[in-house]
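[1] return a 3D structure for these sequence lines:
(2 chains)
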There are 2 protein chains.
Amino acid sequence: MKRTKVKEVLQTPASGQEVLVKGWVRTKRGNKFVTFIAVNDGSTIHNIQVVADMTLFTDEALKEVTTGASVSVLGSLVQSQGKGQSVEIQARTIEVLGTADPETYPLQKKGHSLEFLREIAHLRPRTNTFGAVLRIRHAMAFAVHQYFNNKGFFYIHTPIITASDAEGAGEMFRVTTLDPVNPPKTETGEVDFSEDFFGKSTNLTVSGQLEGEVTAMALSEIYTFGPTFRAENSNTSRHLAEFWMIEPEMAFYELEDNMDLAEDFLKYLVRYALDNCMDDLQFLNDMYDKELLSRLNFVVENDFQRLTYTEAIDVLVGAKQKFEYKVEWGTDLQSEHERYLVEKHYKKPVILTNYPKDIKSFYMKLNDDGKTVRAMDVLFPGIGEIIGGSQREESYEKLVTRMREMGVPEKEMWWFLDTRRFGTVPHSGFGLGFERLLLFVTGMGNIRDVIPFPRFPKSAEF
Amino acid sequence: MKRTKVKEVLQTPASGQEVLVKGWVRTKRGNKFVTFIAVNDGSTIHNIQVVADMTLFTDEALKEVTTGASVSVLGSLVQSQGKGQSVEIQARTIEVLGTADPETYPLQKKGHSLEFLREIAHLRPRTNTFGAVLRIRHAMAFAVHQYFNNKGFFYIHTPIITASDAEGAGEMFRVTTLDPVNPPKTETGEVDFSEDFFGKSTNLTVSGQLEGEVTAMALSEIYTFGPTFRAENSNTSRHLAEFWMIEPEMAFYELEDNMDLAEDFLKYLVRYALDNCMDDLQFLNDMYDKELLSRLNFVVENDFQRLTYTEAIDVLVGAKQKFEYKVEWGTDLQSEHERYLVEKHYKKPVILTNYPKDIKSFYMKLNDDGKTVRAMDVLFPGIGEIIGGSQREESYEKLVTRMREMGVPEKEMWWFLDTRRFGTVPHSGFGLGFERLLLFVTGMGNIRDVIPFPRFPKSAEF
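    Below you'll find the model as predicted:
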């Protein structure tokens, strides 16, 4: 007989038909007449209740049916008498596939701290919280692909190992096959990277943007969705050494088009979660963050506030609130400033544009004022910057000038510059940190809890 | 006015309506009365023909309209008089957005060798061939996600940086932030990896399988789709140092279920390509491989031949063909053997099962004969092994025994072993090399031509 997933079983009207369910025991309770076994198979946050009539089963036969054990249950699907579920299974046979010793199995009934669960990241997908987070993570990844596929964007796999540094976005991990103890050396005592696997020093990518731009100059609209890396010694709830980024790049888009896309994209993703993950969102709302659902609905229903950096500075300077960091034209905004704009002043997502060129990357298009660039940051409640992007500088001369001013190695970037030499066009793009999105959508507080196996300083476990 | 993509324009019935098209010039030809400009924007392999009436345009105005230049064309969409297209644009204005100097732009009209195009991988997406390949690559990636999403599988991002080695699948790249010249050393003169970023020696992953298995033990059916790495000095048309893998892992699947899934999955992908990428496939069929389409149809229409390794050995021993490598029970099959089975003997895709345990990985389920494991390899014409998988060993004792026999470090794998200690279940999975799939679907001969920016020994350009 074919197994039916719990999600499907729970949606099936009960008429006494036979079903085969397989999954893991969450709880067992009962009395001498009847035993109730809650079984979960990860297809949904809800368990199916298995009812064992103790005139048919012995205590001995159910001895190994303990929390964490895997079972195969054959029985008839009937309407439930109890609260909390519409259907349940009257068991005919219960087979234990794999036991879980109650003395050693770490996930007993009681709640566990998120800190403790991080230490058993290999088992935490078996909890309600991480089941919910991982199902939402899947749904959001699928929604990303569906959104772009529907719009005629092409998914491009940009390289992970790279010899170039997109934007000096941060410290990089070196990738090497040289002998760590005695690497080959040049006459001057430097490491001889010409002997390394790729014939030069290589790193893990910090962004697929440059390769994305190059491809958009042929296919018009592309996006990347891949892992990116920062070798920064940041032990915070907002940073990972390895995380996933989504980076669309679009030929023929100006800054306004870029903002429209970013807003539409974020709303699509949040709406997709509301439409497809309500059970999991409801659980997270109830357990962790009572305002999660209302915050998600708010983003879908409201236009994002658009203003320039310069206007934002005026708002902040005029604010009654005292900030730890002083606000002044030309300085980067701190988290406290971004949150003031979003949470206190406008009370909605904000898109800030036209930042001072000195605090942004070399590839951003210079405005006619010579002082600001066509950057845009999307700021979200509780998160701060969720998207960073810009119109890109399409003029070869202006780009080279900016590279020289900012010390970006021109020679290594010949291929990137070629796009401005041959058929250059106005174009734009942005980056969305996938885990930042998930923090927003799940309401979880720590970025290590929205990725299956987090990587951070001193930790590459599992 | 809003830009319309060429793909959409070509599907629009011509009634003289105004359209705005933006893209790159492929060719320009004509006479003193009329100029024809073929414009491509990457949305499709087809160009839109722009017709410039030379009573409206001067030669001077069109001087910079050269191959590779980017243009914005406003005009009316009319039925085409010429062969090869149904509609064309009667230009009202033609604006050159970015020039491409004919003296230096590398992609002139004439065909280019694939070798030459590899050296300008940043520009090759502008050719018909690589436009087609990248659009098909996108379509296949989307089809992967759609297939699994429809079936209730969850997409899991397994870690890229890892301290464990899944299967000894190959040489690994080290990931480090230690000083390359003077790394910290222990008292015995070894490199002190406790000072490295993650507090231990780490590498780029060769497979997400182990983490995938762990997650399937909670969510039932999952898949990974991410980059994997091999630091092997293989300069062949079949190997990359960085490539993408799809690895589904399913709880409660036995080998037969695994084979059913693999066959259904591959057929779905090929059918998706036939249904959604026919223009690009037709081009590749005509230009590179006249049997491409018939081969794709053949895979969709025929059941795969399933047989055991032992049966295959009998077939090969009895074959009239002379092989370079001798066939003998216990040895791994060579490419020539696989191709004989697929292309000569059965003339269809083949799934081989139950290989000798000594030539397969430690995690594969041991058969009752004690000699073979429940492995499966799917063999395709022209490609050889396109999928490798197995039912996994779910017994803790048997798994530990195999690990000891094969020298797999037990202590580091505590978390993997935990899945067999707590609620273990029969489960299976497989790996599909995404670029191998693309070789098959596109008919391209070199794996460096089915990934945007290939990584191989001595090359990490772009």
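[2] which residue of chain A lies farthest from its centroid?
    The C-alpha centroid of chain A is most remote from A:Thr55, which lies 49.5 Å away (CA atoms, centre = their mean).
[3] distance of that residue relative to A:Thr35?
    11 Å (CB to CB, to the nearest Å). Glycine gets a C-beta too; all of them are placed from N, C-alpha and C.
[4] ditto for A:Gly68
    In terms of CB to CB, A:Gly68 sits 17 Å off from A:Thr35.
[5] residues near A:Gly370, how many?
    7 (other CB atoms under 10 Å in any protein chain shown).
[6] how about A:Gly98?
    Using other CB under 10 Å: A:Gly98 sits among 22 other residues.
[7] OK, contacts around it?
    A:69-70, B:394, B:420, B:422-425 (CB atoms under 8 Å, 6 or more residues apart in numbering or on different chains).
[8] please apply the same query to A:Gln49.
    Applying CB under 8 Å, 6+ apart, the residues near A:Gln49 are A:36-39, A:80, A:82, A:85, A:88-89.
[9] next: A:Tyr355.
    By CB under 8 Å, 6+ apart, the neighbours of A:Tyr355 are A:309, A:372-373, A:375, A:377.
[10] identify the bridge partners of it.
    The residues listed as beta-bridge partners of A:Tyr355 by DSSP bridges are A:Val373.
[11] and chain A, what are its domains?
    Per the record, chain A has its domains at A:6-98, A:125-171+A:206-449, by automatic domain parsing.
[12] the ones you listed: which one's closest to B:Phe116?
    Across the domains of chain A, B:Phe116 has its closest neighbour in domain A:125-171+A:206-449 (14.8 Å, CB to CB).
[13] count of neighbours near A:Tyr346?
    17.
[14] also A:Gly212?
    Other residues close to A:Gly212 by other CB under 10 Å number 23.
[15] skip the chain neighbours and tell me the closest residue to it.
    A:Glu249 (4.1 Å; CB to CB, 6 or more residues apart in numbering or on different chains).
[16] let me know the pLDDT of the residue of the stretch 351-462 of chain A found nearest chain B.
    Here the residue of the stretch 351-462 of chain A nearest chain B is A:Thr424; by CB to the nearest CB that distance is 3.4 Å. Per-residue pLDDT puts A:Thr424 at 98.
[17] quick check: phi and psi on it?
    Main-chain dihedrals, A:Thr424, degrees, to the nearest 10: phi -70, psi 150.
[18] which residues does it contact?
    A:217, A:394-396, B:70, B:97-98.
[19] which of these are buried? Put it as a ChimeraX command.
    Here is the ChimeraX command that selects the buried residues among the contacts of A:Thr424 (16 or more other CB atoms under 10 Å in any protein chain shown):
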select /A:217,394,396 /B:70,97,98
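[20] touching, A:Ser43 and A:Val9? I think so.
    No. With contacts counted by CB atoms under 8 Å, A:Ser43 stays clear of A:Val9, the gap being 9.1 Å.
[21] could you find the closest non-adjacent residue to A:Leu62?
    Closest to A:Leu62 by CB to CB, 6+ apart is A:Thr35, at 5.9 Å.
[22] count of neighbours near the one you found?
    Counted with other CB under 10 Å, A:Thr35 comes out at 20.
[23] does stretch A:171-190 come close to chain B?
    Yes. Contact of stretch A:171-190 with chain B (CB under 8 Å from any CB of the partner chain) involves A:171, A:173-178, A:180-181, A:183, A:185, A:189-190.
[24] in helices, which of these fall?
    With helices taken from DSSP state H, there is no overlap with the residues of stretch A:171-190 next to chain B.
[25] buried subset of those residues, written for PyMOL?
    Entered in PyMOL, the line below selects the buried ones among the residues of stretch A:171-190 next to chain B, by 16+ other CB under 10 Å:
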select buried, chain A and resi 171+173+174+175+176+177+178+180+183
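[26] turn the residues of stretch A:171-190 next to chain B into a markdown table, including pLDDT.
    Below are the residues of stretch A:171-190 next to chain B laid out as a markdown table (pLDDT from 0 to 100):
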| residue | pLDDT |
| --- | --- |
| A:Glu171 | 89 |
| A:Phe173 | 97 |
| A:Arg174 | 96 |
| A:Val175 | 97 |
| A:Thr176 | 97 |
| A:Thr177 | 96 |
| A:Leu178 | 96 |
| A:Pro180 | 92 |
| A:Val181 | 92 |
| A:Pro183 | 94 |
| A:Lys185 | 95 |
| A:Gly189 | 91 |
| A:Glu190 | 93 |
